[in-house]
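Chemist: Any chance you could fold what I've pasted below:
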Amino acid sequence: MSRAVLLPHVPSSVTTARQHLCTDLHESGVATSKVEDAALIISELLSNALRHAGPLPPPFPPDSVQVSWNIVVESPETPTGGWVEISVCDGGADTLPRVAHPSRSALGGRGLGIVQHLAAKWGTEVDGETTTVWAVIDIPVAKAVRGDAVIPDLTAVFSTAPAGVVPRSRTAGT
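Modeler: Coordinates of the predicted model:
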């Protein structure tokens, strides 16, 4: 399942994006813990875009930002599990997004650190006047235990993406 949504460049768009993403993830059968991770990631990415970047340039609607996601769940084509790719596209900023190292008493600066911790990988792409920040969450293979009950395979281990730009390509099993 894939979705792309244009939203106003305003703080209330974070709630709207989070609600739509969570609905799609639940409908796709993604485990609640991964839905919560994805909700936090989209909240952080979109909040950063609203705080640090401008709205999308024309021909996009004025004062807008785009959020999108692609949900790939376990199937015969992806027997090793699936993933969710979340991205936020905006009008860019003077600098590229980077993981900050705030002091313990700092009130902000932790967003991309949280994304880096939760995502299997994340990165930034600049295309002309737009900047897209994206993150991928792995969905472990689910195993049936009894009847229709399914639990996630907890042996999956996240790999932490290095800070900065990493390749965006994602294929099943990698």
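
Chemist: Strands along this structure, start to end?
Modeler: Ranges of strands within the chain are 2-8, 64-72, 82-90, 121-127, 130-139, 142-146, 149-152, based on DSSP state E.

Chemist: between those, which one is nearest to Gly111?
Modeler: Of all the strands of the chain, strand 130-139 sits nearest to Gly111, with 10.2 Å by Cβ to Cβ. Where C-beta positions appear, they are placed from N, C-alpha and C, glycine not excepted.

Chemist: any idea of the mean pLDDT in that closest one?
Modeler: The average pLDDT within strand 130-139 is 94.

Chemist: counting contacts, what elements does it pack onto?
Modeler: helix 32-52, strand 82-90, helix 111-118, strand 121-127 (3 or more Cβ pairs under 8 Å, 6 or more residues apart in numbering; DSSP states H and E).

Chemist: So which of the strands of the chain is the most surrounded?
Modeler: strand 82-90 (a mean of 24; mean count of other Cβ atoms under 10 Å).

Chemist: by how many degrees do that one and strand 2-8 diverge?
Modeler: With axes from the mean of the first three to the mean of the last three Cα atoms, to 10 degrees as the basis, strand 82-90 and strand 2-8 are set at 30 degrees to each other.
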